[in-house]
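> The following block contains a protein sequence and its predicted model.
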Protein chains: 2
Amino acid sequence: MHLRLKKNSTAVRMKLTSAAQDATDTEKRGRKASKETRRQQLIEATIDSLAKRGYSETTLADVADGAGLSRGIVNFHFESKEKLLIATLQSMADEYAANWGAALEKAGDRAAAQLWALVACDFDRKICTKRKLAAWCAFWGEAKSRPTYQALCGARDVKYQEIFLALCQTLKDEGGYAYEPEGMTLALCASMEGLWLRLMMGDGLTREKAHAAAVEYLLVAFPRHFTREGPK
Amino acid sequence: MHLRLKKNSTAVRMKLTSAAQDATDTEKRGRKASKETRRQQLIEATIDSLAKRGYSETTLADVADGAGLSRGIVNFHFESKEKLLIATLQSMADEYAANWGAALEKAGDRAAAQLWALVACDFDRKICTKRKLAAWCAFWGEAKSRPTYQALCGARDVKYQEIFLALCQTLKDEGGYAYEPEGMTLALCASMEGLWLRLMMGDGLTREKAHAAAVEYLLVAFPRHFTREGPK
DNA sequence: ATATTTTGAATGAGTGTTCAGCAAATATGT
DNA sequence: ACATATTTGCTGAACACTCATTCAAAATAT
């Protein structure tokens, strides 16, 4: 009797889990899931909850339900709610950084191609999902009053910024453009963040349209380097 | 004894109130404050709290303390916390709209001057304070999961968007530029929102630098219409 | 006197955290 | 091989606490 109940509740949980468990498909389930796997599963569930309910209404109960696990689970694998949220943000930041890092690798060594790749990868399928954008935005909203979030959000980190600036500088020299590169870079980065914000808000804006808008900017700023189809 | 305590606590409250009561300086204080004045006072205290503690940690107690009033006061003047927050957002949205409306009036009827004014007024002292930017961002963070916020944030409303698009269109025709005006407008608007986001985050970015970056964009996009000092 | 505004204590719903106990997995002994 | 002990991951009820809301009483205005 007792056993039957247990099995039932486990079954229900398995059904409820959706995106959160996809990440663990290649790993063993149930008891055998490793510590790191379980942590990742809870992080995914946290992103789900942030996207669905927003920061202020994300509860540990939601996260646990979303992951198909019990109430006390978060405090077992993470020490506190706060630490879960920080780990979640860290995970997203890592993924983001890895994404543009890889894009830069693949782009070769021409500056124009690198800039193009850097802009394009911001609107990549993997990174630029409604779910993740919503989670980012949830953290942005809290960042001003939380130094830890602020550091991790850091819109994009310093390195990213520097690369962007260096690329704009190079293109300016190559093309003989007249603008002031710092302001230009700032406006370009801000534009991409603003496009993310709008994507998140809904509005019927699609990833493709947002990317096209960013490209339009590139065309206007660096007419001698780009066409709508890519770097010349 | 009882009375003495009361007077004391009132005195403390008066001291604590800062920005929140500035708005009521021209009005009568204490009991004599009109209903509308008190509402505005509570709204200001709400913005303060959102900026200082963020959305998720803004409590009615904070707001009441900030306004120098007692705990039950919000539920008297507003029906609930939710309604206070909506009224706060509405108030900010109204102020924002009034600001660009006025800027457009003053700009005369040349499209270039109007666009310049529209960009400039986003970085106006009155609108673009850390305090208010932080409050905006707090609402953005919650907007995805709350239709009411989403409608009021609506980054900027449809009308604003249309004006921007029309202006870009006009300038394109005048100057014979080659870009695709919808993408261009979107990127421009997004850029200004992104700049707001960065201003809010801190980073040592100033209002002036942000404005300069937006101007840099205008220069690049409409070289025949603008100089760094203004419309030609 | 009556109406309006304000107070502040009480209420109760919701939530993060703790922890004793259970069960699966693994190690150890026979 | 089998039984037993130990470790490890997990559960869910209990707890403490925060906070929005209510409301009776007090203060003030008309």
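Right, received. Where do you want to start?

> Show me the domain layout of chain A.
For chain A, automatic domain parsing gives the domain ranges A:2-78, A:92-231.

> just those: most buried one?
Neighbour counts (mean count of other CB atoms under 10 Å in any protein chain shown) averaged over each of these peak at domain A:92-231, with a mean of 19. (Each C-beta comes from the backbone N, C-alpha and C, glycine too.)

> and the end-to-end length of that domain?
Counting by CA to CA, to the nearest Å, you get 29 Å between the two ends of domain A:92-231.

> So, low pLDDT: which residues of chain A?
A:1-33, A:155-156 (pLDDT under 70).

> Tell me if the strand or helix carrying A:I43 is near DNA strand D.
If you go by DSSP states H and E, A:I43 is part of helix A:35-53. Yes: using CB under 7 Å from any atom of the strand, helix A:35-53 comes into contact with DNA strand D via A:K35, A:R38.

> tell me which strands and helices that helix is in contact with?
Judged by 3 or more CB pairs under 8 Å, 6 or more residues apart in numbering or on different chains; DSSP states H and E, helix A:35-53 is in contact with helix A:19-22, helix A:60-67, helix A:73-77, helix A:81-106, helix A:130-143.

> of all the ones you listed, which lies closest to B:T46?
Smallest distance to B:T46 across the helices and strands packed on helix A:35-53 (CB to CB): 15.1 Å, for helix A:130-143.

> angle of the closest one against helix B:130-143?
With axes from the mean of the first three to the mean of the last three CA atoms, to 10 degrees as the basis, helix A:130-143 and helix B:130-143 are set at 150 degrees to each other.

> does the helix or strand that helix A:130-143 is followed by come close to chain B?
Using DSSP H and E, the helix or strand that follows helix A:130-143 in sequence is helix A:147-153. Yes: judged by CB under 8 Å from any CB of the partner chain, helix A:147-153 and chain B are in contact via A:Q150, A:C153.

> just checking, what packs against helix A:147-153?
Secondary-structure packing of helix A:147-153 (3+ CB pairs under 8 Å, 6+ apart): helix A:81-106, helix A:130-143.

> To chain B, which of those helices lies closest?
Nearest of these to chain B, taken as CB to the nearest CB: helix A:130-143 at 1.8 Å.

> mind saving the C-alpha coords of the closest one as PDB?
The C-alpha coordinates for helix A:130-143 follow below in PDB (Å, rounded to 0.1, in the frame of the first residue of the first chain):
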ATOM      1  CA  LYS A 130      12.100  33.000 -25.500                       C
ATOM      2  CA  ARG A 131      12.700  31.000 -22.500                       C
ATOM      3  CA  LYS A 132      16.300  32.100 -21.900                       C
ATOM      4  CA  LEU A 133      15.600  35.700 -22.900                       C
ATOM      5  CA  ALA A 134      12.900  35.800 -20.300                       C
ATOM      6  CA  ALA A 135      15.300  34.400 -17.700                       C
ATOM      7  CA  TRP A 136      18.000  36.900 -18.600                       C
ATOM      8  CA  CYS A 137      15.500  39.700 -18.300                       C
ATOM      9  CA  ALA A 138      14.300  38.500 -15.000                       C
ATOM     10  CA  PHE A 139      17.900  38.800 -13.700                       C
ATOM     11  CA  TRP A 140      18.400  42.200 -15.300                       C
ATOM     12  CA  GLY A 141      15.400  43.500 -13.400                       C
ATOM     13  CA  GLU A 142      17.000  42.500 -10.100                       C
ATOM     14  CA  ALA A 143      20.600  43.200 -11.000                       C
END
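
> That helix - contacts with which helices or strands?
Against helix A:130-143 (3+ CB pairs under 8 Å, 6+ apart) you get helix A:35-53, helix A:81-106, helix A:147-153, helix A:181-201, helix B:130-143, helix B:181-201.

> Apply 7 Å and report the result again.
Here helix A:130-143 touches helix A:35-53, helix A:81-106, helix A:147-153, helix A:181-201, helix B:130-143, going by 3 or more CB pairs under 7 Å, 6 or more residues apart in numbering or on different chains; DSSP states H and E.

> any chance of these in TSV, plus distance to B:I163?
Supplementary listing: the helices and strands packed on helix A:130-143 in TSV, determined by distance: least, CB to CB, whole Å:
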stretch	distance to B:I163
helix A:35-53	32
helix A:81-106	34
helix A:147-153	31
helix A:181-201	17
helix B:130-143	20
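
> Give me the nearest residue to the residue of chain A at minimum distance from DNA strand D, chain neighbours excluded.
Relative to DNA strand D, the nearest point of chain A is A:G72 (2.0 Å; CB to the nearest atom of the strand). Using CB to CB, 6 or more residues apart in numbering or on different chains and skipping the chain neighbours, the partner closest in space to A:G72 is A:A64 (8.0 Å).

> how far out from the middle of the chain is stretch A:186-193?
Stretch A:186-193 has its C-alpha centroid displaced from the chain centroid by 16 Å (CA atoms, centre = their mean, to the nearest Å).

> Get me the contact residues on chain A for chain B.
Residues of chain A lying near chain B by CB under 7 Å from any CB of the partner chain: A:52-56, A:134, A:137-138, A:140-145, A:150, A:155, A:179-180, A:183-184, A:186-187, A:190-191, A:193-195, A:197-198, A:200-202, A:212-214, A:216-217, A:219-221.
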